[in-house]
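**Q** pasted the sequence and its predicted model underneath.
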Protein chains: 4
Amino acid sequence: MTNKSPVLKKLRNVRRKDQRPGEILRAALEVFSINGYAGTRLDDVAKRAGISKGTIYLYFNSKEVLFNEMVRHWILPQLEKIEQIGKQPAGSAEVILRKQLKVIYEDMVSTKASCIPKLIISEGTRFPELAEFYYQEVIIRAHKTMHETVRRGVAAGEFRQDALNWQLHAILSPALTAAIWKSVFDRFSPLDLKAYFQTHVDLLLHGLKGKS
Amino acid sequence: MTNKSPVLKKLRNVRRKDQRPGEILRAALEVFSINGYAGTRLDDVAKRAGISKGTIYLYFNSKEVLFNEMVRHWILPQLEKIEQIGKQPAGSAEVILRKQLKVIYEDMVSTKASCIPKLIISEGTRFPELAEFYYQEVIIRAHKTMHETVRRGVAAGEFRQDALNWQLHAILSPALTAAIWKSVFDRFSPLDLKAYFQTHVDLLLHGLKGKS
Amino acid sequence: MTNKSPVLKKLRNVRRKDQRPGEILRAALEVFSINGYAGTRLDDVAKRAGISKGTIYLYFNSKEVLFNEMVRHWILPQLEKIEQIGKQPAGSAEVILRKQLKVIYEDMVSTKASCIPKLIISEGTRFPELAEFYYQEVIIRAHKTMHETVRRGVAAGEFRQDALNWQLHAILSPALTAAIWKSVFDRFSPLDLKAYFQTHVDLLLHGLKGKS
Amino acid sequence: MTNKSPVLKKLRNVRRKDQRPGEILRAALEVFSINGYAGTRLDDVAKRAGISKGTIYLYFNSKEVLFNEMVRHWILPQLEKIEQIGKQPAGSAEVILRKQLKVIYEDMVSTKASCIPKLIISEGTRFPELAEFYYQEVIIRAHKTMHETVRRGVAAGEFRQDALNWQLHAILSPALTAAIWKSVFDRFSPLDLKAYFQTHVDLLLHGLKGKS
DNA sequence: AATGAATGAGTTTTCATTCAT
DNA sequence: GATGAATGAAAACTCATTCAT
């Protein structure tokens, strides 16, 4: 009966109270990413969170608000990863680039939030601010950081001169494709993420280092 | 009053009759790709096709049937392109690869059907047969064809030995990314498709040809 | 089988199509006036109109729109009566006043729309534009017209001088009270409208004609 | 720290305890009279009373019970006024009538409870017992009392003989109208209650005293 | 073949009521 | 006694589908 102790009860409750929105946001991620915005019933989100439909409305004013806050909530970890990418220690451009790509794969592809890119793609037309937010805060920032690394490599004579002109979409896109593959096609042909990552890095570095 | 002639009417009608499903499929592509399956109202499809909602049901038994047939209809051209890729004439592996990639870009990215990948990604979870169909008939076949080209290049000493181990997702993914970019982010930052394609080919060929 | 004649069918249909909104507005008047705005379920309006819930939305965009248009629709006849009041022929002020009051009673109290005043009173706080519309277009205009008659009577020496200072609410209020009584208390004590009207006219005219 | 003394606390609490229902009934009057029964959320009543929603249920078993008790609570003062009307001292019928009307105006129109008539009108259909209670205990009793005064005036030769036949609605209705006006239209055109009362009395007495 | 009015099942949203603390 | 988080029944509103014309 230890869990009947008033102190413990209070503790448990406080924790629950604070967790509620988080639980909902987690359930929302799972359900929205399977069914999309319009295809998701709040009943299902509630059921997955183990609460009743009405409870959602205690924390989020509408389905649309829930969706928006959910996406932003799960983008945050990606933003933090981007920060890390920028703070790479000194070293050869190649080493830095490898580390940066590794960080991107780890979060964009291997975590719970790996379905975020799919959601942005699916709902970007209906929620343009969300698409723009993702574009500005995740894609562009990641691009900039990695471009800086390429610039350093070129300056050091490590990379080909014309690598500077490369479209950065082309440099990052394998990571995006991996995230999508995990969400959509993995059931038909599971992705060997390690090998895939290796291919990506090889391809990129050979491309960067080869003579123009 | 020429357009009141019974013969002309009939002619016009026959033509119309044949065009009807096509008009609907085109309207459906446009509307579904913007709103997704659940977010699309048949009213909007009808409006865009310039017909009434009931007419859709003369040609398609349900929203779901329409969606499925629509996707398959617009995947067809991609299938045909894939066929062409396989029938590449002899030549250096590099030349063939360039041509193959060009064909893929032309159809997957530059045509009306360029939103199909986005749709497959968005609705693949809800329509798994569709996702599988796309996986088998488009992705796998394109992979196989290109892998054969790589094999030829390796045999001829044109490409690095270990290129055979490369995950083909990584080889094709830039094209997928381009299609998605066009659908989702182009409004924020328009993609320079020519330059993007160039980067992709450079990256790939330098990677393939570089020494292991 | 005469009603299967194509012409008749068409006629019937056209009539129905044009009547639909009117039928809904009638049902809405009946149900809203019993339950008030918030207490009314559109299901009940639909049931009373003999249609389904969805049909209401073919003609009115929301419950609120239906309510507003309903009130305005049923106020129209009152506006027309007001017009008539203003166009009274010459005659002694007393005769004109009697006719004017009769017209008011006939429409405000004896018709289907007699519950409009009750609705305005009940919902005026929540729909201030509606209350103001009724105030401006019904109350004020009726006031002005009758005040003009009083003025004429005073000028002709028929009415007391100080009658001009009378608050017109006090002159019209018995009609309002009668409408309310009909809607609320008639079940407990049915109003003898003829006698009530007689009292009102007597009271008013004795008051107007008595010496100051 | 005096307010931490247990005795004071208890005192304060006792007082609070006794005031609680009254505070709720006051808040309920304000909110119900603005939004009507169905349009009122208990949350709003609680907020206005400065308590939590659950607390209401400590004193009232349901929204319906609260509404009923609230109306009866605020009708009480009107009942007491009616008692006073009946206990008028001797004097001319005119003087008594003036005093009686003054009392009615003072309570029905000038107090916090002046929105009660509007509430009865709005919700009378849904709460027929309430409407009947108001009819029997307020309207009928006021009518009877004033009719007795008229009878006295007629007997004394002070009023016209046929005044006895007058519908009493017509005699009291200006007061009702004033209460309604205050609740609904005052924002568009504020009622000058003194002048309005004067008109009412003038009109009535001239009518009563004029020769038939 | 084509229409579009009508339907009603399904979804979002609200809110009276309960209850653990 | 007081709270306010949680519930779920009920109501507004939507839209795929039908069908009379």
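**A** Okay, I see it. Numbering: from 1, shown residues only, chains lettered A, B, ... in the order given.

**Q** could you give the number of residues near residue A:72?
**A** A total of 15 residues lie near residue A:72 under the criterion other Cβ atoms under 10 Å in any protein chain shown. For every residue, glycine as well, the C-beta is placed using N, CA and C.

**Q** ok, and the closest non-adjacent residue to it?
**A** Once its chain neighbours are removed from consideration, residue A:72 has its nearest residue in residue A:133; the separation is 7.2 Å (Cβ to Cβ, 6 or more residues apart in numbering or on different chains).

**Q** repeat that for residue A:204.
**A** For residue A:204, the closest residue by Cβ to Cβ, 6+ apart turns out to be residue A:171, at 6.3 Å.

**Q** find me the pLDDT at that neighbour, would you?
**A** We have a pLDDT of 77 for residue A:171.

**Q** how close does it get to residue B:196?
**A** When distances are taken as Cβ to Cβ, to the nearest Å, residue A:171 and residue B:196 turn out to be 11 Å apart.

**Q** and the one helix or strand residue A:102 maps to, what other elements does it pack with?
**A** Using DSSP states H and E, residue A:102 sits in helix A:93-104. Secondary-structure packing of helix A:93-104 (3 or more Cβ pairs under 8 Å, 6 or more residues apart in numbering or on different chains; DSSP states H and E): helix A:63-86, helix A:141-155, helix A:168-184, helix A:193-209.

**Q** at 7 Å instead, please
**A** With contacts defined as 3 or more Cβ pairs under 7 Å, 6 or more residues apart in numbering or on different chains; DSSP states H and E, helix A:93-104 has these neighbours: helix A:63-86, helix A:141-155, helix A:193-209.

**Q** what is the rounded mean pLDDT of the next helix or strand after that helix?
**A** The element immediately downstream of helix A:93-104 (helix or strand, assigned by DSSP H and E) is helix A:116-123. When pLDDT is averaged along helix A:116-123, the result is 95.

**Q** please name every helix or strand in contact with helix A:116-123.
**A** The helices and strands touching helix A:116-123, judged by 3+ Cβ pairs under 7 Å, 6+ apart, are helix A:6-39, helix A:63-86, helix A:128-134, helix A:168-184, helix B:116-123, helix B:168-184.

**Q** on that earlier part again, relative to helix A:168-184, how tilted is the helix holding residue A:102?
**A** Taking axes from the mean of the first three to the mean of the last three Cα atoms, to 10 degrees, helix A:93-104 and helix A:168-184 form an angle of 30 degrees between their directions.

**Q** pull out the buried residues from helix A:93-104.
**A** Residues of helix A:93-104 classed as buried: A:93, A:94, A:96, A:97, A:98, A:99, A:100, A:101, A:103, A:104 (neighbour count, 16 or more other Cβ atoms under 10 Å in any protein chain shown).

**Q** list the contacts of that helix.
**A** Under the criterion Cβ atoms under 7 Å, 6 or more residues apart in numbering or on different chains, residues A:81, A:84-85, A:88, A:142, A:145-146, A:149, A:152-153, A:156, A:158-159, A:175, A:200-201, A:205 lie in contact with helix A:93-104.

**Q** if we can go back for a sec, surely the residue nearest to residue A:204 and residue A:203 touch.
**A** No - the criterion here is Cβ atoms under 7 Å, and residue A:171 misses it with residue A:203 at 9.9 Å.

**Q** residues in contact with residue A:35?
**A** Taking Cβ under 7 Å, 6+ apart as the definition of contact, the neighbours of residue A:35 are residue B:126.

**Q** if we go to 10 Å?
**A** Contact analysis of residue A:35 by Cβ atoms under 10 Å, 6 or more residues apart in numbering or on different chains lists A:41, A:44, A:45, A:122, B:36, B:37, B:38, B:123, B:125, B:126.

**Q** likewise for residue A:130?
**A** A:67, A:68, A:71, A:72, A:75, A:119, A:120, A:123, A:124.

**Q** filter those to the buried ones?
**A** Judged by neighbour count, with buriedness set by 16+ other Cβ under 10 Å, the buried members of the contacts of residue A:130 are A:67, A:68, A:71, A:75, A:119, A:120, A:123, A:124.

**Q** what is the mean pLDDT for stretch A:92-104?
**A** Mean pLDDT, taken over the full extent of stretch A:92-104, equals 89.

**Q** I figured residue A:145 hits residue A:139, correct?
**A** No - counting by Cβ atoms under 10 Å, no contact exists between residue A:145 and residue A:139, whose distance comes to 11.1 Å.

**Q** out of the two, which sits in the more crowded spot?
**A** residue A:139 (22 against 19).

**Q** and the more buried one, its phi and psi?
**A** Dihedral angles of residue A:139 (phi, psi; degrees, to the nearest 10) stand at phi -70, psi -60.

**Q** please tell me how far it sits from chain B.
**A** From residue A:139 over to chain B the distance is 7 Å, taken as Cβ to the nearest Cβ, to the nearest Å.

**Q** and residue A:78, by the same measure?
**A** Taking Cβ to the nearest Cβ, one finds residue A:78 at 16 Å from chain B.

**Q** so that residue touches residue A:112, yeah?
**A** No - checked against Cβ under 10 Å, the pair residue A:78 and residue A:112 is beyond contact range at 11.4 Å.

**Q** quickly list the domain ranges of chain A.
**A** Partitioning chain A according to the TED database yields domains covering residues A:1-61, A:63-209.

**Q** and the ones you listed, which one is worst for confidence?
**A** Ranked by mean pLDDT, the domains of chain A bottom out at domain A:1-61, which scores a mean of 81.

**Q** what about residue A:78 and residue A:112, which has more around it?
**A** Between residue A:78 and residue A:112, residue A:78 has the larger neighbour count (other Cβ under 10 Å), namely 22 against 13.

**Q** how about the contacts made by that one?
**A** For residue A:78, the contacting residues are A:104, A:107-108, A:111, A:113-114, A:116-117, A:134, A:137-138, A:141-142, by Cβ under 10 Å, 6+ apart.

**Q** what about 6 Å?
**A** Contacts were defined as Cβ atoms under 6 Å, 6 or more residues apart in numbering or on different chains; by that measure residue A:78 touches A:107, A:138.

**Q** for residue A:49, give its distance to residue D:79.
**A** Taking Cβ to Cβ as the measure, residue A:49 falls 53 Å from residue D:79.

**Q** quick one: which of these two has more around it?
**A** Applying other Cβ under 10 Å to residue A:49 and residue D:79 shows that residue A:49 carries more neighbours, namely 20 against 14.

**Q** all set, thanks.
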